[in-house]
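Colleague: sequence? don't have it. structure:
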């Protein structure tokens, strides 16, 4: 099974090799995307590729191919892999060169694509509900770029997991920004509230879909930062991501929400999301 594409060739994942001088390895000098696969189809691949191009532009990174060619490679790889339900990981770095901080003049970008399965059993459990812990947002000021520099996210996620929570939710001052690997939606007064577009959050593809679906269903959406003071008044809270889709948060910092069951609006959004998946990936 060929499940990996690296710099123009298809491989089995355990046969692909990257130079130890690759700047993604040495500096985290690169960008990435993760795309879900349902029934042999990519979900919102176009949006992911557009965000990849945006991240490349903001980091002055030259894509090795036109987006149309990358899209073609995505489909060829999916066909070669034989995977019907899973995820695609895309990573592009500035390439391999002797280690210096400034951009190398002649390095060719490294492009890696890998298709793999997801843990469907764990995802089904997550849809019932998870717990979350708030932590200070100590990341850099360009969270809108989907870069490889994820150490603060890794440390926050590990702290949450080590204390028995599923997700870490970042707080900047008193304002909730997003999760360590997700966007956050809070239901206040029957209205969906989520952090606005800015350099302080990543504009998640699933986040965008949720906002669109809510608008079509007549569910009010307000894009603003929710404060810690408002959390006790929240009736529901859920996180969104490419892999976790729409996941209810049943408690945050030990405070139970909605009797520790998924709320009505959360359930409605899960249903609308699944309907969109059925229509888009069939």
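Modeller: That came through fine. Not measured: the values here are computed from a predicted model.

Colleague: what mean pLDDT does the helix or strand encompassing residue 46 have?
Modeller: If you go by DSSP states H and E, residue 46 is part of helix 45-58. In this model, helix 45-58 has a mean pLDDT of 98.

Colleague: what's it in contact with?
Modeller: For helix 45-58, the surrounding residues in contact (C-beta atoms under 8 Å, 6 or more residues apart in numbering) are 31, 33-35, 42, 61-63, 67, 70-71, 74, 90, 92, 142, 144-147, 203, 205, 208, 242. Placement of C-beta: from N, CA and C, glycine included.

Colleague: can you check the pLDDT for residue 282?
Modeller: If you check residue 282, the pLDDT there is 83.

Colleague: residue 25 too?
Modeller: Reading off the model, residue 25 has pLDDT 97.

Colleague: and it, backbone torsions?
Modeller: phi -70, psi -40 (degrees, to the nearest 10).

Colleague: test my guess that it contacts residue 18.
Modeller: Yes - counting by C-beta atoms under 8 Å, residue 25 touches residue 18, with 6.9 Å between them.

Colleague: residue 4 and residue 81: what is the separation?
Modeller: 9 Å (C-beta to C-beta, to the nearest Å).

Colleague: my bad, should have said residue 247
Modeller: Taking C-beta to C-beta as the measure, residue 247 falls 26 Å from residue 81.

Colleague: neighbour count winner among these two?
Modeller: The neighbour count for residue 247 versus residue 81, taken as other C-beta atoms under 10 Å, is higher for residue 247 (26 against 23).

Colleague: residues contacting that one?
Modeller: Contacts for residue 247 (C-beta under 8 Å, 6+ apart) come out as 126-127, 129-130, 182, 238-241.

Colleague: residue 115 belongs to a strand, doesn't it?
Modeller: Yes - when DSSP: H, G, I helix; E, B strand; the rest coil is applied, residue 115 is found to be in a strand.

Colleague: show me where the stretch 101-250 of the chain has helices.
Modeller: Along the stretch 101-250 of the chain, counting by DSSP state H, counting those that start in this stretch, helices occupy 120-128, 151-162, 205-217.

Colleague: elements contacting the first one?
Modeller: Spelled out, it's helix 120-128. Helices and strands touching helix 120-128, by 3 or more C-beta pairs under 8 Å, 6 or more residues apart in numbering; DSSP states H and E, are strand 245-252.
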